[in-house]
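Engineer: Pasted the sequence and its predicted model underneath.
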Amino acid sequence: MQRIVDGVWAVNLGIANIGVLELPSGGLALIDTGGNGSKEKIAKALSSKNWQLEDVKHILITHGHYDHVGDLEALVQVSKATVWAHQKEARVIRGLEPQQLAPDSSLNAFGRFLKRMGQPPAKGVVHKELQGNTNLEVIMPGLRAVFLPGHAPGQLGYYLENSRTLFGGDFCVNILGLRAPIAGFTTDMREAKRSVAVAARLEPSNLIVGHGQPVLEVAAGALERLAQKLKS
């Protein structure tokens, strides 16, 4: 577990990163759950801080792709956590709609190859549906959901105002620097680029995305540069 600020950690589960928030009221919140087979990895990470899965009170989902909702059902069965997600992603997570990815006609050969490497998400539960930008003070003071669609229709980021820390899901990636999300898994790249500009306007100090290392203390400038690059 990598400490971001007091009470906030990032965990690299291999296929994707998740967040762990220590709640002032007691217990934990997870941001995403990684890929399939993640339950034991999460349990091991939490045990390094003398926590267990039963301490998880809330699970906040950025979007419904398979590498962000793995073992969700199993984690809820153990923890009894409340699961939050955007309404559009909730339907994918519940298995009521297929996940939306980029059309093959918009991709080059490598993009089509990467798209075929993906998997459908396992069916899971969502208790609380969100519509977009939402105050989540009921979970943690200063926490709010930020609507960052494009990579997925209902993608959310989760922003901690007190520490200016943004958990952004896949609105961008940090692979050889910050860049636009992976095209093969992105429903609407034009909208995804607009979401980068939305995130930049938050001026976060710290940014944790699903893929790549966290950007600490200098995220605002890095996001602004990416936003300007994607305009050209």
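Structural biologist: Received the coordinates, thanks.
Engineer: switch to C-alpha atoms for all contacts and neighbour counts from now on
Structural biologist: Will do.
Engineer: Tell me which residue lies nearest the centroid of this structure.
Structural biologist: With distances taken as Cα atoms, centre = their mean, the chain has residue 169 as the residue nearest its mean C-alpha position (2.7 Å).
Engineer: And the helix or strand hosting residue 230, what does it pack against?
Structural biologist: Here residue 230, judged by DSSP states H and E, is contained in helix 219-231. Packing partners of helix 219-231 (3 or more Cα pairs under 8 Å, 6 or more residues apart in numbering; DSSP states H and E): strand 178-179, helix 189-201, strand 206-208.
Engineer: Out of the ones you listed, which is closest to residue 49?
Structural biologist: Smallest distance to residue 49 across these (Cα to Cα): 20.1 Å, for strand 206-208.
Engineer: Pull the residues that contact stretch 6-24.
Structural biologist: 1-4, 28-35, 38, 41-42, 45, 67-68, 139-140, 167, 208-212, 214 (Cα atoms under 8 Å, 6 or more residues apart in numbering).
Engineer: on that earlier part again, and the residue nearest to the centre of the chain, how close does it get to residue 10?
Structural biologist: Using Cα to Cα, to the nearest Å, one gets 12 Å for the distance from residue 169 to residue 10.
Engineer: any shared contact partners between those two?
Structural biologist: With Cα under 8 Å, 6+ apart, residue 169 and residue 10 have common neighbours residue 208.
Engineer: what's stretch 199-219 in contact with?
Structural biologist: Here stretch 199-219 has contacts from 4, 10, 15-18, 68, 148, 163-175, 220-221, 223-224, 227, using Cα under 8 Å, 6+ apart.
Engineer: Kindly give the local confidence score, pLDDT, for residue 115.
Structural biologist: For residue 115, the model assigns a pLDDT of 52.
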